[in-house]
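Student: Here is my input; please provide its structure:
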Amino acid sequence: MVVEFKTETNTKTGAATVEQLATWTQTRAEEYITSSSEVSDPRAVHVSFATKALASNKASFADLETDQLEHLVYDIADLAMGHKLLTKVRELARKGASDIFVKGTDAVVIHYRSGQREAVDPWYSSLKGLGDEIRNLRSSLGIASTPFDPHNPSFDARLPEGIRVNAAHSANSGYELSFRVPDRSIRSLADLKANNTVDTPLADFLSAAVRAQLNIVISGGTGAGKTALLLCMLGELEPLERVVTIEDRAELDLATLHPKLDVVELEGRGANSDGVGEVTGKQLMKSALRMHPDRIVVGEARDEIARELLTAMASGNDGSLSTLHARSPSAVIDRLVECSGLDYARVTESIRNAVDLFVHVRQFSNGERRVSDVVQVSAARELDGLLRLKPIYAFNPKGAPQSTYAQLVAKPSGRVASRLAAAGWKP
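Tutor: Okay, here's the model as predicted:
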């Protein structure tokens, strides 16, 4: 059985009105696209006409708040383009979903921020219908020219409001679609205190670490909250600090979340179906260094960009930050060795010269997230060649009373201590 879908706004205002606006939008947008020879973004055209349609019918939506009206514009545009899939995703996002998995024609699995998980009936009765929806989605996002077939079995994309999309050919379900919904209500360390990710002492430490222009790598597992922590820490920057972000697929949306900053967003790109047009992490880092940044932020350090990030940090670009998938602070070293493609000795030497702190965040079975560890990277060269990590904050360390939050277990030392002191931090 395929679930019949109604949006929140449909329920409030009547489905016929929304459908009528979508029909009007579809007609006007198609007329405009047909008559124009230079339309590079069909979705933007649909959003523009949806905005006009909604503006002309304000009385029908007088009970909606401003943010609800903004969501409704996207819903109307998506309905006009035949993207009922995105309308469903956005409704679930408004209801607190953090991840949505469309498992072909088998089922849809939803993860909520509360920790609850739910399986519902499939949204599609045929793989052809789902495949057509994916092709329409790729076209509207401007990535139709990149290959998506059994030889190139997956793609990543980002919706205008920041929802991350991944699609893959699946052996058991035909297509597997996943949507990661960012929590845009969390923008500052104060927000992280409010949702119990950190307490006040740890928030003060992280704030000072950013202001002290320490180089920081944030680690954690999938869905642990690495990107959210990164964005909240960047909220501690001074107005008009020049920040260049580097990502495979633009997801941080830093300019929107922190408009006080001078943000330059650089994005990688894969080769098209002809094998040309690729933009690599190395190219992006080279461009970033020429832009005179106060800080460089890498959305996720992986593959060659990890090596380029360490080089940039070691070359004097202090205050740089990045995230990295790793199960523990000590595993960060192995992950950087793996990503960089260099031998252990060269990578550890780069880390010693480049990185000041590893900050680790964990997600627990009940859905709660905590910053569990902060470790300082030792600048000393050990006789055994190993890189030493000094715990600064730890979660429930041995011999200490049980606590909900990571606790200070040692004072920072050397360059890190002096910089933190200059930024006003006191243990």
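
Student: quick one: low-confidence parts of the stretch 101-250 of the chain?
Tutor: Low-confidence regions of the stretch 101-250 of the chain, defined by pLDDT under 70, span residues 144-145, 173.

Student: And the strands in it?
Tutor: Per DSSP state E, counting those that start in this stretch, the stretch 101-250 of the chain carries strands over the ranges 107-112, 117-120, 154-158, 164-170, 174-180, 216-220, 242-247.

Student: To residue 392, which of these lies closest?
Tutor: Evaluated with Cβ to Cβ, the strands of the stretch 101-250 of the chain place strand 216-220 nearest to residue 392, the distance being 12.0 Å. All C-beta atoms are positioned from the backbone trio N, CA, C, and that covers glycine.

Student: highest average neighbour count across the strands of the stretch 101-250 of the chain?
Tutor: Among the strands of the stretch 101-250 of the chain, strand 216-220 has the highest mean neighbour count (mean count of other Cβ atoms under 10 Å), at a mean of 26.

Student: coming back round to it: wait, which of the strands of the stretch 101-250 of the chain is closest to residue 386?
Tutor: strand 216-220 (18.0 Å).

Student: Find the residue closest to residue 300 in space, skipping its chain neighbours.
Tutor: Of all residues not flanking residue 300 in the chain, residue 323 sits nearest, at 5.2 Å (Cβ to Cβ, 6 or more residues apart in numbering).

Student: With distance to residue 18 added, can I get the strands of the stretch 101-250 of the chain in a markdown table?
Tutor: What follows is these, written out as a markdown table (distance: least, Cβ to Cβ, whole Å):
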| stretch | distance to residue 18 |
| --- | --- |
| strand 107-112 | 22 |
| strand 117-120 | 22 |
| strand 154-158 | 25 |
| strand 164-170 | 23 |
| strand 174-180 | 21 |
| strand 216-220 | 39 |
| strand 242-247 | 34 |
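
Student: Can you give me the end-to-end span of stretch 298-318?
Tutor: Using Cα to Cα, to the nearest Å, the span of stretch 298-318 from its first residue to its last is 13 Å.

Student: what does stretch 185-193 give?
Tutor: Using Cα to Cα, the two ends of stretch 185-193 sit 13 Å apart.

Student: can you pull the buried residues of it?
Tutor: Of the residues in stretch 185-193, 186-189, 191-193 count as buried by neighbour count, 16 or more other Cβ atoms under 10 Å.

Student: what's the answer for stretch 324-339, then?
Tutor: 324-326, 328-329, 332-333, 335-337, 339.

Student: So for residue 71, which of the strands of the stretch 101-250 of the chain sits nearest?
Tutor: Nearest to residue 71, of all the strands of the stretch 101-250 of the chain, is strand 174-180, at 15.1 Å by Cβ to Cβ.

Student: what angle sits between the closest one and strand 154-158?
Tutor: Per axes from the mean of the first three to the mean of the last three Cα atoms, to 10 degrees, the angle that strand 174-180 makes with strand 154-158 is 30 degrees.
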